[in-house]
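**Student:** sharing a model prediction with you, sequence too.
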Amino acid sequence: MNILLLGSGGREHALAWKIAASPLLTKLWCAPGNAGIAREAECVALDIADHAAVIGFCKANAVDLVVVGPETPLAAGIVDDLDRAGIRAFGPSKLAARLEGSKGFTKALCSEFAIPTGAYGRFTNAADALAYIRAQGAPIVVKADGLAAGKGVVVAQSLREAEDAVAMMFDGAFGTAGTEVVIEEFLSGREISFFALSDGDTAMALATAQDHKRVFDHDQGPNTGGMGAYSPTPFVTDNIHAEIMAKIIQPTVAGMKARGTPFRGVLYAGVMLTADGPKLFEYNVRFGDPECQVLMIRMMSDIVPAMLACCDGQLKNFDLRWYPDPALTVVMAAKGYPGDYARGTRIEGLDEAGKVEGTEIFQAGTIAKEGRILANGGRVLNVCASGKTVTEAQRRAYQAIDRINWPEGFCRRDIGWQAVERERAP
């Protein structure tokens, strides 16, 4: 098969690495790709926001399947446009992608189909939002309704912080994403990432993972797109897994179908394991980044048939196998992230780092120039490792990081700490 992958981040490098291993593959392109993806695929300078250009490329190169990595083209309806052109695409339609594109849409779906989630309010002006916050008290969660590149969420510990977040969003900090604001009950518990594939009728769970959102060790500092992850999470027992599928994933798939907007693709549920059971706090409609990286390392099966089964409504006859060993990834970011950071700094030692047993390095924000790898984004590298335990995977990942020479980069040094503590406990 000829496959075109859209995107340029660490998630897409992991997907390219996994797709490239498929015996079904004839040719793999990635648009626009990055320096690491260029090792797995031919990178092409396509503007993925230009749907006509993507369709033209697919027709000219007899592309059999398009895999959409990031959320922005999904929310813009690229899958609908590819479908109309007779090109098979892995990912949800524009209407189904509202599960990520609008926090308010997802909350309303939860209300309609009795999916457990926190109490909430939706607001289009600051005065009403502020009145709601003052009535509810803190801690409370303030979210821009639309897509804000993982940065449109403020977990406010005080009323002042919540009020500032409302003002910031209605003042246009996130552009049109903040024209509506969703204010949610603060859910206390353990946050996990739960992934499932859906073909519109059937949902099939993937491996679980745990993300680390805060920028600094001990979960300090602002939220980011994710500073590391590991899989599986030991905190999702068989009973909790079954409860998430029965109360969150399956009602979502059934509800979307009932509304006439069936969901096909990856359903990524952000779930809080509360004292009252698992509750949904957000949906994403694509693989998580950096969770995708650890899922691809642990997936034993070929991913391409799974994607085709989603497109063709055949998931009920499908199964995936997983390696039992845990995998862990540490994000190396440019100093200053998630705020301002420098681009163009030189990264050395990647080949040496990749020699550590059990490691795989996926590149996110990189560019190749005159034979050198340069940083070209906020989150720049994903240093991944597997091991017999999370502790071993963590040790290998940091051993590899210590071989990378990039003074302008930084990382958290405690990724996987909860699982490591659990493994150390008598």
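**Tutor:** Great, that's in hand.
**Student:** what's the spacing between Leu28 and Gly152?
**Tutor:** Distance from Leu28 to Gly152, counting by CB to CB, to the nearest Å: 33 Å. From N, CA and C alone the C-beta is placed, and that goes for glycine too.
**Student:** the more surrounded of those two?
**Tutor:** Taking other CB atoms under 10 Å, Leu28 and Gly152 do not tie; Gly152 has more neighbours (24 against 20).
**Student:** for the more buried one, which non-adjacent residue is closest in space?
**Tutor:** Excluding the flanking residues, the one nearest Gly152 by CB to CB, 6 or more residues apart in numbering is Ala144, at 3.3 Å.
**Student:** what's near enough to touch that neighbour?
**Tutor:** With contacts taken as CB atoms under 8 Å, 6 or more residues apart in numbering, Ala144 has the following neighbours: 103, 152-153, 169, 174, 177-178, 181.
**Student:** swap the cut-off to 6 Å and go again
**Tutor:** Ala144 makes contact with 152, 169, 174, 177-178, according to CB atoms under 6 Å, 6 or more residues apart in numbering.
**Student:** Throw these into CSV and include secondary structure, pLDDT and distance to Gly409, thanks.
**Tutor:** Listed next are these as CSV, based on DSSP: H, G, I helix; E, B strand; the rest coil; pLDDT from 0 to 100; distance: CB to CB, whole Å:
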residue, secondary structure, pLDDT, distance to Gly409
Gly152, coil, 83, 25
Met169, helix, 90, 30
Phe174, coil, 82, 26
Ala177, helix, 77, 28
Gly178, helix, 78, 30
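**Student:** let's have those in CSV, adding distance to Asn34.
**Tutor:** Output for these, formatted as CSV (distance: CB to CB, whole Å):
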residue, distance to Asn34
Gly152, 24
Met169, 31
Phe174, 25
Ala177, 25
Gly178, 29
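**Student:** ok, of those residues, which one's closest to Val215?
**Tutor:** Ranked by distance to Val215 (CB to CB), the contacts of Ala144 are led by Gly152 at 15.9 Å.
**Student:** check the gap between that closest one and Asp340 for me.
**Tutor:** Separation of Gly152 from Asp340 (CB to CB): 18 Å.
**Student:** do the same with Leu6
**Tutor:** The value you get for Leu6 to Asp340, if CB to CB is used, is 27 Å.
**Student:** and those two? which has more neighbours close in?
**Tutor:** Neighbour count, other CB under 10 Å: between Leu6 and Asp340, Leu6 has more, with 25 against 9.
**Student:** in what helix or strand does the more buried one lie?
**Tutor:** Per DSSP states H and E: Leu6 is located in strand 2-7.
**Student:** what's that strand in contact with?
**Tutor:** Counting by CB under 6 Å, 6+ apart, 12, 15-16, 19, 26-31, 48, 62-70 sit against strand 2-7.
**Student:** got the phi/psi numbers for the spatially closest residue to Asp302 that is not a sequence neighbour?
**Tutor:** Spatial nearest neighbour of Asp302, chain neighbours left out: Ser22 (4.9 Å); criterion: CB to CB, 6+ apart. Main-chain dihedrals, Ser22, degrees, to the nearest 10: phi -70, psi 130.
**Student:** what comes up buried for whichever strand or helix holds Phe105?
**Tutor:** Assigned by DSSP H and E, Phe105 falls within helix 103-112. By 16 or more other CB atoms under 10 Å, the buried positions in helix 103-112 come out as 103-107, 109-110.
**Student:** please report the distance of Ala60 from Val44.
**Tutor:** Ala60 is 11 Å from Val44, by CB to CB.
**Student:** now do the contacts for Gln210.
**Tutor:** 192, 230, 233.
**Student:** closest to Asp312 among these?
**Tutor:** Within those, the smallest distance to Asp312 is 29.8 Å, found for Ile192 (CB to CB).
**Student:** the closest one: neighbour count?
**Tutor:** That count, for Ile192 with other CB under 10 Å as the rule, works out to 21.
**Student:** enumerate every residue touching it.
**Tutor:** Contacts for Ile192 (CB under 6 Å, 6+ apart) come out as 210, 233, 236, 271.
**Student:** re the thing from before, let me see the mean pLDDT of the helix holding Phe105.
**Tutor:** Taken as a whole, helix 103-112 carries a mean pLDDT of 95.
**Student:** after that helix, next one along is what?
**Tutor:** strand 120-123.
**Student:** Arg98 touches Lys107, doesn't it?
**Tutor:** No: contact criterion CB atoms under 6 Å: Arg98 and Lys107 do not qualify, at 11.4 Å.
**Student:** which strand residues bridge Leu328?
**Tutor:** Counting by DSSP bridges, Leu328 is bridged to Tyr230, Ala385.
**Student:** going forward, count from 363.
**Tutor:** New numbering, starting at 363: the last item is Leu690.
**Student:** ranges for the strands of the stretch 563-712 of the chain?
**Tutor:** Taking DSSP state E, counting those that start in this stretch, the strands of the stretch 563-712 of the chain run over residues 565-567, 572-573, 576-578, 582-585, 590-593, 626-636, 639-646, 689-696, 708-709.
**Student:** show me the strands in the stretch 363-512 of the chain, by range?
**Tutor:** Counting by DSSP E, counting those that start in this stretch, one finds strands in the stretch 363-512 of the chain at the ranges 364-369, 389-394, 404-405, 427-430, 451-452, 482-485, 502-506.
**Student:** many thanks, we can stop here.
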